[in-house]
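**Q** got a predicted structure here, sequence first:
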Amino acid sequence: MKRVILILVALAGYALAQSELTSLAYEHNYELKALEAEVSALEKEVDISKIWENPMLSLGVNDIFLNEPLTRDKDAQNEAISLSQKIPMGGKLDIKESIALQDLAIKKLELKTKKLEMQQEIGVLEQSYIRINQDLALVNKYEKVLEDLKKCSPCLQHHECALCRYAEQYDFAKKSSHREKNIAS
């Protein structure tokens, strides 16, 4: 039970450390910032696609007499004020909205994919970092063993090293027990 709890605590610590790394990477990645800006623009585009186009107001005057522009008593003059509004028919607004929603969904998926790719790359780099640190610790251990062997090398030649004496005693004890077995049989 203690091992399970220890493993869960270790995994939680690893997840927290990785989440800090990924959040830091998300904050400083310009591609993600650009994708997030595109997502927010597409969300506004969805809202805009639901509304009708603006009405058009036009003012017009025809047949203005240039020599007397303010006279109104002559024939063939026309003044007009018009207001026009496009009314979408056949579900055009619904189609525009569904297209905008699909574009938004695609962009959100691109953003999510990019974040997952970054998270995977961070995990791989973190594992590489851990592996490199383990390899460095092992190399340091081997260097220490090598230095100890260099210190003992003169000792090994003269059989004065305690390690050498222990090895000789072990070998002697092994040979004597083997001889006793042969004699007994």
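**A** Now that the structure is in, tell me what you want to look at.

**Q** next helix or strand past whichever helix or strand S19 is part of?
**A** Using DSSP states H and E, S19 falls within helix 2-28. Per DSSP H and E, the first helix or strand lying C-terminal to helix 2-28 is helix 30-49.

**Q** buried residues in that following helix, which are they?
**A** Neighbour counts over helix 30-49 (16 or more other C-beta atoms under 10 Å) mark 32, 35, 38, 42, 45-46, 49 as buried. Backbone N, C-alpha and C define where each C-beta goes, glycine included.

**Q** burial measure for the closest residue to G60 other than its chain neighbours, as a count.
**A** Spatially, and ignoring its direct neighbours in sequence, G60 is nearest to A80 (4.3 Å; C-beta to C-beta, 6 or more residues apart in numbering). Close neighbours of A80, defined as other C-beta atoms under 10 Å, add up to 9.

**Q** assign a three-state SS to A80, would you?
**A** For A80, the assignment made with DSSP: H, G, I helix; E, B strand; the rest coil gives strand.

**Q** and it, what does it touch?
**A** 58-62 (C-beta atoms under 8 Å, 6 or more residues apart in numbering).

**Q** filter these down to the ones in strands?
**A** 58-62 (DSSP state E).

**Q** and which of those residues is nearest E126?
**A** S58 (65.3 Å; C-beta to C-beta).

**Q** next, count neighbours for the closest one.
**A** Based on other C-beta under 10 Å, the number of other residues close to S58 is 9.

**Q** separation between it and I51?
**A** 21 Å (C-beta to C-beta, to the nearest Å).

**Q** equivalent analysis for T113, please.
**A** In terms of C-beta to C-beta, T113 sits 31 Å off from I51.

**Q** could you do E20 as well?
**A** From E20 to I51 the distance is 43 Å (C-beta to C-beta).

**Q** kindly report the same for G123.
**A** G123 is 45 Å from I51, by C-beta to C-beta.

**Q** looking at those two, which is more packed in?
**A** Per other C-beta under 10 Å, whichever of G123 and I51 has more neighbours is G123, with 14 against 9.

**Q** apart from its neighbours in sequence, what residue is nearest K96?
**A** K96 sits nearest to S49 (C-beta to C-beta, 6+ apart), 4.2 Å away.

**Q** what angle do helix 30-49 and whatever helix or strand S128 lives in make with each other?
**A** Secondary structure assigned from DSSP H and E places S128 in helix 92-158. With axes from the mean of the first three to the mean of the last three C-alpha atoms, to 10 degrees as the basis, helix 92-158 and helix 30-49 are set at 170 degrees to each other.

**Q** what's in contact with stretch 50-61?
**A** 77-88, 93, 96-97.

**Q** quick one: buried ones out of those residues?
**A** Buried among the contacts of stretch 50-61 (16+ other C-beta under 10 Å): 96-97.
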